[in-house]
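Novice: Fold the following and give me the result.
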Amino acid sequence: MAIDPNQPIPLYFQLKTVLLEEILGGIYGRDGQLPTEHELCDRYAISRTPVSRALSELAEEGVILRHRRRGTFVNPHWLRRRPDQPELRVVVPEEGPWARMIRDGADGTVEVDLVTVSRPTLHQALTHAVAEGQAPDLAVLDSVWAAEFAAAGFLYALEDLNEDWVRNEHEVDFLDALVAANRYGGRTFGVSAFADVAGFWYRRRELEAVGLEPPATWIELRAVARALVQKGLPHPIVMPGGSRGGETTAYCLISFLASNAAEVLARGGVTLDSRKTAQALRFLRSLIDDGLMSSDVVAYEWDRPIRLLAEGEAAISFGGSYEAATLARALGVPLGELWDHVGFAPVPGGPRGAPASVAGTMVYGIFRQAAQPALAMRLLEGIVAPEALARIARATARIPSRRSAVALAAPDLAFLSQTADLLDHAVTRPSTPLYPRVSAQLQAMLEAVLTGRLGPAAAAQHAAQLIGAITGLPVLDEARTTGTEAAAEVLGVGAVAAPS
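Specialist: This is a model prediction of the structure:
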């Protein structure tokens, strides 16, 4: 096939089509080497610019592999998954309802090669697959990775696959916070199935025994915990307090920061190094100093606190709404009866803030290397249909991402509407393509404070500097507090036992 510069079709696209036909026709074998850029320029009498773009797009789509100093080769894995074969390769976390959702959503015309990986290794598995030209068609990823993957060119903007669905269903029926969380550069790169909110679980019987309501402020949290200690429950508060707790640790910490009006990133810079941050960290450390929370929390994995709550070893467990099914199993009660035994509330407000929560979500994304992007989009639309989401919500107590699905499932789960209401005032985790590294620094900051290795102010300053180096954003100086703010801080420090 010749390349005609007089055609309205761009030269790079003509060359890309030629190379794709040659690869499918076996010209280069299963893993053979393609001509160099210079050879392609000479062969088709075109400049290097369209040649480079054609090869770059083929590489992004997983058709070819480009090795520095060695050359460009056919990707044998892509060749085995030719576009005329209706099979989708899907990667999901082995934890959670994801595999079931894929199986339920696939109809008889779609063959699915389903791969499950552990949640802690999911990010690494997906990035390695892209690097090797073996990215799945469809995968589940954390919403905070969507910006990273979109910026790197890993994912399709869904407007390119079905703009009508994005405009008329996704932007209309899906919860606003989730629509915003899945956009990057003004385009949609992921679709949430469920939402999660951070907060605390509490045992109803224990709080009723001391005659107290669920705490809405830090002062009330301390009062409730002290009353529980007097009732014979040592260390009534639990939470993941270090890097072993992974993203659940970050969820809890960001919620506590938000409850005192502290932020990690804002106004184009790193705003973590603030009095508000130090005050939140000081409060958490004081819970250990006062015997209300065990120093062992720094070694807890993400689900250890909720199990201690179920066993009656704790009465208040900071975590996320996604722990509902785990908690119900540990208590030995049906999901529909869980609310009879426990409640869930936002993180209590600090002296400078109000009760707060963090919204998080796992999302479906379609990779640019997909052999069947249109088929993947069709499967995705079926997976997140209202009836499908409501069915999974009834089985897991997860908050569906669609208003219509919440309405369908709420009559069967008393607490679903209440946890969904927290989304209206929830903050999101820092939006940056480098979020996984930012999260690691936040986890390390909390661990350093809870172990006593660093004081709150020093830990906040150190973490802010590292996050600034990671993101390339400036570390912003905190403006001087007004007299009113300073007075509030003094009152707050007195309430949380301050020494740093």
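Novice: residue contacts, the residue nearest the centre of the chain?
Specialist: Compute the mean C-alpha point of the chain, and by C-alpha atoms, centre = their mean the closest residue is D142, 3.2 Å away. Counting by C-beta atoms under 8 Å, 6 or more residues apart in numbering, D142 touches 122-123, 247, 360, 362-363. Using the backbone N, CA and C atoms, a C-beta is placed for each residue, glycine as well.
Novice: Quick check on it: phi, psi?
Specialist: For D142, the backbone dihedrals (degrees, to the nearest 10) come out as phi -70, psi 140.
Novice: returning to what we had before: from the contacts of D142, which is closest to P5?
Specialist: V363 (41.7 Å; C-beta to C-beta).
Novice: and the gap between the closest residue to A2 other than its chain neighbours and F73?
Specialist: Excluding the flanking residues, the one nearest A2 by C-beta to C-beta, 6 or more residues apart in numbering is Y44, at 7.9 Å. As judged by C-beta to C-beta, to the nearest Å, Y44 and F73 stand 20 Å apart.
Novice: quick one: the strands in the stretch 401-500 of the chain?
Specialist: 427-428 (DSSP state E, counting those that start in this stretch).
Novice: Would you state the predicted confidence (pLDDT) at the residue nearest to A2?
Specialist: Per-residue pLDDT puts Y44 at 92.
Novice: for G108, same thing?
Specialist: 65.
Novice: do the same with the one 3 residues further on
Specialist: At E111 the predicted local distance difference test score is 83.
Novice: try A177
Specialist: On the pLDDT scale, A177 gets 84.
Novice: Quick check: it touching L423?
Specialist: Yes - counting by C-beta atoms under 8 Å, A177 sits close enough to L423 to count as a contact (5.3 Å).
Novice: Spit out the residues that contact the two alike.
Specialist: 195, 359.
Novice: Please, which helix or strand holds G153?
Specialist: Per DSSP states H and E: G153 is located in neither a helix nor a strand.
Novice: so how far is R222 from it?
Specialist: Using C-beta to C-beta, we find G153 at a distance of 49 Å from R222.
Novice: between the two, which one's more packed in?
Specialist: Using other C-beta atoms under 10 Å as the criterion, G153 and R222 rank with R222 on top: 21 against 13.
Novice: Excluding residues flanking it in the chain, which one is nearest that one?
Specialist: Leaving out its chain neighbours, the residue that sits closest to R222 by C-beta to C-beta, 6+ apart is L292, at 7.0 Å.
Novice: Setting aside sequence neighbours, what's the nearest residue to R226?
Specialist: Closest to R226 by C-beta to C-beta, 6+ apart is L292, at 6.9 Å.
Novice: same question, A448
Specialist: In space, A448 is closest to L454, 4.2 Å off (C-beta to C-beta, 6+ apart).
Novice: Hmm, Q461 and that neighbour touching each other?
Specialist: No - L454 is not in contact with Q461 according to C-beta under 8 Å; the separation is 9.1 Å.
Novice: Spit out the residues that contact the two alike.
Specialist: In contact with both L454 and Q461: no residue, using C-beta under 8 Å, 6+ apart.
Novice: where are the low-confidence patches of the stretch 401-500 of the chain?
Specialist: Regions of the stretch 401-500 of the chain meeting the criterion pLDDT under 70 cover residues 479-500.
Novice: Now do the SS call for A261.
Specialist: Secondary structure for A261, judged by DSSP: H, G, I helix; E, B strand; the rest coil, is coil.
Novice: Against Y28, how distant is it?
Specialist: 60 Å.
Novice: can you check R187 too?
Specialist: From R187 to Y28 the distance is 34 Å (C-beta to C-beta).
Novice: same deal with R53?
Specialist: 20 Å.
Novice: now do L476
Specialist: 53 Å.
Novice: I figured P136 was touching V92, is that so?
Specialist: No - between P136 and V92 there is no contact, the gap being 9.2 Å when judged by C-beta under 8 Å.
Novice: so what sits against both of those two?
Specialist: With contacts defined as C-beta under 8 Å, 6+ apart, the residues shared by P136 and V92 are V115.
Novice: just for the stretch 51-200 of the chain, where's the confidence low?
Specialist: In the stretch 51-200 of the chain, residues with pLDDT under 70: 79-86, 108-109.
Novice: In terms of residue numbering, what are the domains of the protein?
Specialist: Split into domains by automatic domain parsing, the chain comes to 11-80, 87-195+360-428, 197-356+431-496.
Novice: Tabulate these in JSON lines, adding columns for distance to D4.
Specialist: JSON lines is the format used below for the domains of the chain (distance: least, C-beta to C-beta, whole Å):
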{"stretch": "domain 11-80", "distance to D4": "7"}
{"stretch": "domain 87-195+360-428", "distance to D4": "26"}
{"stretch": "domain 197-356+431-496", "distance to D4": "39"}
